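Enquirer: return atomic coordinates for the entry below.
(chains A and B)
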Amino acid sequence: MTVRSRRSWLALSSVLGGAVLLLAAGRDARADDETGVLMTGHHQFESPQNFDIELRFSPYTPRVDYDPSLTGNPYTSTFGTAPRLEFAAEFDWEALRIPHVGTFGPGVSLGYTEMSALALLANPPAPPASQYSAENTNLAIFPMYAVLVLRADVLDREAHVPFVPYVKAGFGMALWHAYNDGGTSQVTNAQGVTVEGKGHTVGTQLALGLSFDLNVIDEHTARDFDNALGVNHTYIFAEAYASTLQGLGQSHALWVGNGSLTAPAWAFGLNFEF
Amino acid sequence: MPLQPSPWKWPVRSLALAFAACAVLVATPRAASAQTVSQTTGTTLLDYLSDESTPSTHPNNVDATWISYADCENNVYVSVPLSVTVPSAGFSGYSISAFATTISGTDCGQPTSRSGTTGVCWQVLSSSIPVQQNNYFIPVRNLLRDIGQSAGLSPTYAQGTEAACHVATQSGAIPLSLQFIVFDLGGNEISSAVIGLNVELIGPAPPTGITLGVGEGLLKLSWTPVSDPTTQGFNVFIDPLPGHEGESHDGAVISTEAGGVVSTICADAGFTTEIVDSGLEGGEASTIQVPIDGGNCHTVTTYEASASQSSTCPSSILVGGVTGEIDSGLTTPITTTTDDASTVTSTDDGGIVPVVTGTAPTLAQLAQIDTSAQIGGGTQTSATIKGLKDGYVYTVALAAIDNLNDNGPLSTPLCATPSPIDDFYEVYRSEGGLAGGSYCALEGVGEPAGTGALGLIAAGMCVALVRRRAARRAGSDRRPS
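Expert: Got it, this is the predicted structure:
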């Protein structure tokens, strides 16, 4: 594990631990204020909680160029180094409630991200004329994964510390599609066969995150939200993850994952438990 | 002594009665001649092709009171529903004519408006013996015939020709007054009806800031947004038409194939890279992959990309000719390098250089060059022309259209040569990547069943969780309270 990766994970762990200690320290005083009618009412009217939905936003840089079988950096030379934005949604089934720990269950996610740039001319004119065509070259990626999720909401539920650390582990897959203004990209391979620029890549998905329960900001509204729509908790979250899509079990794969164990990617968003 | 009756009394009376009878007889047709002509209430003008039976409609539900360029080119007739009262003695001796004028408030019933140096009305319909009918067909070309002419129009009826389709010199509607007049035998106006029309033959001005970029088998046009609210879309013209590369118009070759580089790709274990003379203009070298051994080869031809805005674009249709001059600001001699590397030096012309602009193509020309690529919406700012052949020079021009689909003036033609690109996937494959082919794992080349196994594992985990929870609930239910 590199120094950078250790720092990333340590940073998240420090934030998590610090927040827990800080809020636990203030727990008694806050409990004095809230262990009355409000909290009793809150639990009294809380609807059943079985599911969780996440709306995720993540800077995305597919790790195409990390494929050791490549002789160059096709992704960076085409699209540059700037990350693109991924939109994703995750649905979790909180199938089990582990007493004094939290919820545990499976979850699935589907996302989308796309990168676009002007394509280089195969036979460009001499400089200083532009080496680029007017045609766009694009790579669309649909990352998805199936994971098991453990959400340790014991602090939030029993100690009223509005932080919920969680961990996810499972398998990921992404569909990808390379295309230009003329349609799906095509190349003719050494056998003279036309190969289209689309496929899928399989790998693993690991994530460690921290959610902040927004219910503590306005418990009355939170309770109304629960009574009206059945939403028990609303969180914002930050998550470090490694979508290691490197062709697990595949002979050839386009490495379209984002982040790694040594250099995790980040996701931010909202999630709702209901 | 009683008066004796005059022997002349009865003949005088008879003569008086005869005169009176004659007067009555003569007066009767005059009274009957007070018939009227008016547009039939509740009906509208319709357009028909020249067979007067095939309807012709405008785009965007524009009614027949508008006359478009296409109406004229298609020789459309305007059908005017009229109501003419029938004299008791029939129509014999009467005539109905129609006149058009662009001068507002002009009464074409006045002879001075139809003849002489003050004539501003031109005759568009002549029916010396009108029959009783509901609709009168007026050729659109007749209506347009004398638009733009000064006073002193020919009073006689003449059929309009295709030249009438080009009478307008600028975009915008031209109000036209169409007046039907019933004349008696003496040429006196008995009644008339006036109908208002609008003529619009030229669409809005073309957009500015047009650029033409090249791609693989395509060209991309872009332009700055237009502010003219009458712009309803754009027509893209290209010469040659895709699929007609290398053909000619009027005996002149209008497309050329640029010199290409033929590369050979073979199915073998490897390639070697060689730097070769590309053979392209300028002689710049390029790098190609050369197979180590032969066999199972195919060739790929690549071309140098180019895009230019020039009067040398090889289209005899879209490049209309010298139509104006501008001050270029040039103060030094102009040196031009030709294809054979020789140079031609011309003297400074004082900064005044000719400007070549496009001309509005005729329908016949459009049939040769129109890609039928019509872009709806005046807010559009780009278009992509696909289905082109790499290595051919295409000339492209753009015209804005109004709600009648009238083309405005053509933009300055641009020409470019589509050329192959190296997109991301091609770069990836050229650098050793082997992924791709299909989304489906079972169809992918060299894909083991790993994907399916992973899916089965995930599904199995879900099922196990469900069953475990169900079992727990069942056990809880059976547990005595």
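Enquirer: and residue A:198, what does it touch?
Expert: A:175-178, A:184, B:436-439 (C-beta atoms under 8 Å, 6 or more residues apart in numbering or on different chains). Heads up, the C-betas are built off the backbone N, CA and C, glycines and all.
Enquirer: which one (most neighbours) among those residues?
Expert: Neighbour counts for the contacts of residue A:198 (other C-beta atoms under 10 Å in any protein chain shown) peak at residue A:178, which has 28 neighbours.
Enquirer: and which of the contacts of residue A:198 is nearest to residue B:404?
Expert: Proximity to residue B:404 was ranked across these by C-beta to C-beta; first place goes to residue A:184, at 39.2 Å.
Enquirer: ok, the residue in the stretch 1-150 of chain B positioned nearest to chain A to residue B:76 distance?
Expert: Across the stretch 1-150 of chain B, the shortest distance to chain A (C-beta to the nearest C-beta) belongs to residue B:59, at 28.6 Å. In this view, residue B:59 and residue B:76 are 13 Å apart by C-beta to C-beta, to the nearest Å.
Enquirer: try residue B:191
Expert: 27 Å.
Enquirer: which outside residues touch stretch A:55-63?
Expert: So stretch A:55-63 is contacted by A:75, A:81, A:83-90, A:109, A:111, A:113, A:115, A:139, A:141, A:143, A:239, A:241, A:246, A:254-260, A:265-271 (C-beta under 8 Å, 6+ apart).
Enquirer: could I get the CA-only coordinates of it as CSV?
Expert: What follows is stretch A:55-63, C-alpha atoms only, in CSV (Å, rounded to 0.1, in the frame of the first residue of the first chain):
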residue,chain,number,x,y,z
LEU,A,55,-28.0,9.3,-5.1
ARG,A,56,-24.3,9.3,-5.9
PHE,A,57,-22.1,11.8,-7.6
SER,A,58,-18.5,10.9,-8.2
PRO,A,59,-15.5,12.3,-10.1
TYR,A,60,-14.7,9.5,-12.5
THR,A,61,-11.4,8.8,-14.2
PRO,A,62,-11.4,5.3,-15.8
ARG,A,63,-8.2,3.5,-15.2
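Enquirer: nearest residue to residue A:144 in space, ignoring adjacent ones along the chain?
Expert: residue A:110 (4.7 Å; C-beta to C-beta, 6 or more residues apart in numbering or on different chains).
Enquirer: does the one you found sit in a helix or strand, and which one?
Expert: Using DSSP states H and E, the element containing residue A:110 is strand A:102-121.
Enquirer: report the contact partners of residue B:400.
Expert: Residue B:400 sits in contact with B:203-207, B:226, B:228, B:231, B:233-234, B:378, B:407-408, where contact means C-beta under 8 Å, 6+ apart.
Enquirer: so can I have JSON lines of the residues you listed showing distance to chain A, neighbour count and secondary structure?
Expert: Below are the contacts of residue B:400 laid out as JSON lines (distance: C-beta to the nearest C-beta, whole Å; neighbours: other C-beta atoms under 10 Å in any protein chain shown; DSSP: H, G, I helix; E, B strand; the rest coil):
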{"residue": "B:203", "distance to chain A": "26", "neighbour count": "29", "secondary structure": "coil"}
{"residue": "B:204", "distance to chain A": "25", "neighbour count": "24", "secondary structure": "coil"}
{"residue": "B:205", "distance to chain A": "24", "neighbour count": "18", "secondary structure": "coil"}
{"residue": "B:206", "distance to chain A": "20", "neighbour count": "23", "secondary structure": "coil"}
{"residue": "B:207", "distance to chain A": "17", "neighbour count": "24", "secondary structure": "coil"}
{"residue": "B:226", "distance to chain A": "21", "neighbour count": "20", "secondary structure": "coil"}
{"residue": "B:228", "distance to chain A": "26", "neighbour count": "15", "secondary structure": "coil"}
{"residue": "B:231", "distance to chain A": "23", "neighbour count": "24", "secondary structure": "coil"}
{"residue": "B:233", "distance to chain A": "21", "neighbour count": "19", "secondary structure": "strand"}
{"residue": "B:234", "distance to chain A": "18", "neighbour count": "29", "secondary structure": "strand"}
{"residue": "B:378", "distance to chain A": "23", "neighbour count": "21", "secondary structure": "coil"}
{"residue": "B:407", "distance to chain A": "25", "neighbour count": "25", "secondary structure": "strand"}
{"residue": "B:408", "distance to chain A": "24", "neighbour count": "25", "secondary structure": "coil"}
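Enquirer: looking at pLDDT only, which of those scores worst?
Expert: In terms of pLDDT, the least confident member of the contacts of residue B:400 is residue B:378, at 71.
Enquirer: that one contacts residue B:229, correct?
Expert: Yes: if you go by C-beta atoms under 8 Å, residue B:378 and residue B:229 touch, sitting 7.5 Å apart.
Enquirer: how far away is the closest residue to the residue of the stretch 1-150 of chain B closest to chain A other than its chain neighbours from residue B:384?
Expert: Excluding the flanking residues, the one nearest residue B:59 by C-beta to C-beta, 6+ apart is residue B:405, at 5.0 Å. Per C-beta to C-beta, residue B:405 is found 21 Å from residue B:384.
Enquirer: quick one: the strands in the stretch 151-300 of chain B, in order.
Expert: Remark: strands assigned in the stretch 151-300 of chain B by DSSP state E, counting those that start in this stretch are B:174-183, B:189-200, B:211-215, B:218-222, B:233-239, B:248-249, B:252-253, B:260-266, B:271-277, B:285-291, B:297-303.
Enquirer: ok, the first one: who's next to it in the sheet?
Expert: This points to strand B:174-183. strand B:95-101 (antiparallel), strand B:189-200 (antiparallel) (DSSP bridges).
Enquirer: repeat for the third one
Expert: Applying DSSP bridges, strand B:211-215 is found paired with strand B:218-222 (antiparallel).
Enquirer: over to the fifth one?
Expert: According to DSSP bridges, strand B:233-239 has the following sheet partners: strand B:370-376 (antiparallel), strand B:394-401 (antiparallel).
Enquirer: least reliable of those strands going by mean pLDDT?
Expert: Looking at those, the bottom one is strand B:370-376 with a mean of 55.
Enquirer: following that one, which helix or strand shows up next?
Expert: Once the chain leaves strand B:370-376, the next helix or strand it forms, by DSSP H and E, is strand B:382-385.
Enquirer: which positions in that next one come out as buried?
Expert: B:383-385 (16 or more other C-beta atoms under 10 Å in any protein chain shown).
Enquirer: give me the contact list for that strand.
Expert: With C-beta under 8 Å, 6+ apart, strand B:382-385 has contacts from A:181, B:215, B:218-223, B:234, B:236, B:238, B:242, B:371, B:373, B:375, B:394, B:396, B:398.
Enquirer: that one - what's its average pLDDT?
Expert: 84.
Enquirer: same thing with stretch B:78-88?
Expert: On average, stretch B:78-88 scores 75.
Enquirer: next one: stretch B:419-433
Expert: 92.
Enquirer: neighbours around the closest residue to residue B:144 other than its chain neighbours, how many?
Expert: Excluding the flanking residues, the one nearest residue B:144 by C-beta to C-beta, 6+ apart is residue B:164, at 4.1 Å. Residue neighbour count, defined by other C-beta under 10 Å, stands at 21 for residue B:164.
Enquirer: and residue B:246, by the same measure?
Expert: 12.
Enquirer: repeat for residue B:238
Expert: Residue B:238, neighbours per other C-beta under 10 Å, totals 22.
Enquirer: same deal with residue A:90?
Expert: Counted with other C-beta under 10 Å, residue A:90 comes out at 24.
Enquirer: could you do residue B:174 as well?
Expert: 18.
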